[in-house]
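Asks: Predicted structure and sequence below. I'll ask about it afterward.
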Amino acid sequence: MQPMEDELGLPPDAFARIDEEDDAAFYAPARLVYHIDDNAVRVLTRLYRDVLPAGGVLLDLMSSWVSHLPPDVAYGQIIGHGMNADELAANPRLGRWFVQDLNRDPALPLVEAGVDAAMICVSIQYLTQPVAVLREAARVLRPGAPLVVSFSNRCFWTKAVAVWRGLDDAGHARLVELYLRSAGFRNIEARRLAPYIEDEQDPLYAVIGRKQLIP
């Protein structure tokens, strides 16, 4: 099989990290904090209200103790995935959840075409096999279903992959578009949800792709 970095046109060390120690150990302490500021949370929640189908089954990949979903919208079920059981157990929106290191095993323990929408919030930069994970997300999504990938300029720097560390926000958006396109998503669009204001406001971007409709 062709190496993923070759497939993406990236250098061999694109997915190297400063800290290559076990991810399970890094994420063992529960971090019950927001990783983006209040304004970024508001605009992300607004996007989720517009894009994620009410009453649908959602997959919150790389989730935490909060999913930033609109509190007044009911969903059929929200499935959470993450690296810390305490954080996931504290998330009141999750109907069920599982812990899995996607960098070791990107295969999701979910049935094909059983999910109506998926989200990855401020975490795509930590994936060392992003296309493999996104292909799995596409597998479990129904045809035409959206995947929303959001990101800011904040991250755990030592756990972010090299290609992410070397790019600015616009470059991050293009990289996520490349990931999604390589994973088979279509109708990809990038949105700037909040501009960066130094010492005042976090930037927030989202790239949305949809699983290809069956011909």
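Replies: Right, received. Where do you want to start?

Asks: next SSE after the longest strand belonging to the chain?
Replies: With secondary structure taken from DSSP state E, the chain has its longest strand at strand 185-194. Next along the chain after strand 185-194, taking DSSP states H and E as the criterion, comes strand 204-211.

Asks: Let's see that next one as CSV, backbone CA atoms only.
Replies: As requested, C-alpha coordinates have been extracted for strand 204-211 and formatted as CSV (Å, rounded to 0.1, in the frame of the first residue of the first chain):
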residue,chain,number,x,y,z
LEU,A,204,-11.9,29.6,14.9
TYR,A,205,-12.2,27.8,11.6
ALA,A,206,-14.2,24.9,10.3
VAL,A,207,-13.9,22.7,7.3
ILE,A,208,-17.0,20.8,6.4
GLY,A,209,-17.1,17.8,4.0
ARG,A,210,-19.9,15.5,3.1
LYS,A,211,-19.8,11.7,2.4
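
Asks: before we move on, back to that, quick one: contacts of the longest strand of the chain?
Replies: Outside strand 185-194, the residues within contact range by C-beta atoms under 8 Å, 6 or more residues apart in numbering are 39-40, 43-44, 46-47, 134, 138, 147, 150, 173-174, 176-177, 180-181, 201-212. C-beta: built from backbone N, CA, C; applies to glycine.

Asks: Compute the inter-axis angle for it and strand 204-211.
Replies: 160 degrees (axes from the mean of the first three to the mean of the last three C-alpha atoms, to 10 degrees).

Asks: tell me which residues in strand 185-194 are buried?
Replies: By 16 or more other C-beta atoms under 10 Å, the buried positions in strand 185-194 come out as Phe185, Ile188, Ala190, Leu193, Ala194.

Asks: Quick one: the helices in this protein, in order.
Replies: Taking DSSP state H as the criterion, the chain carries its helices at 4-8, 23-26, 38-51, 85-89, 130-140, 162-165, 169-182.
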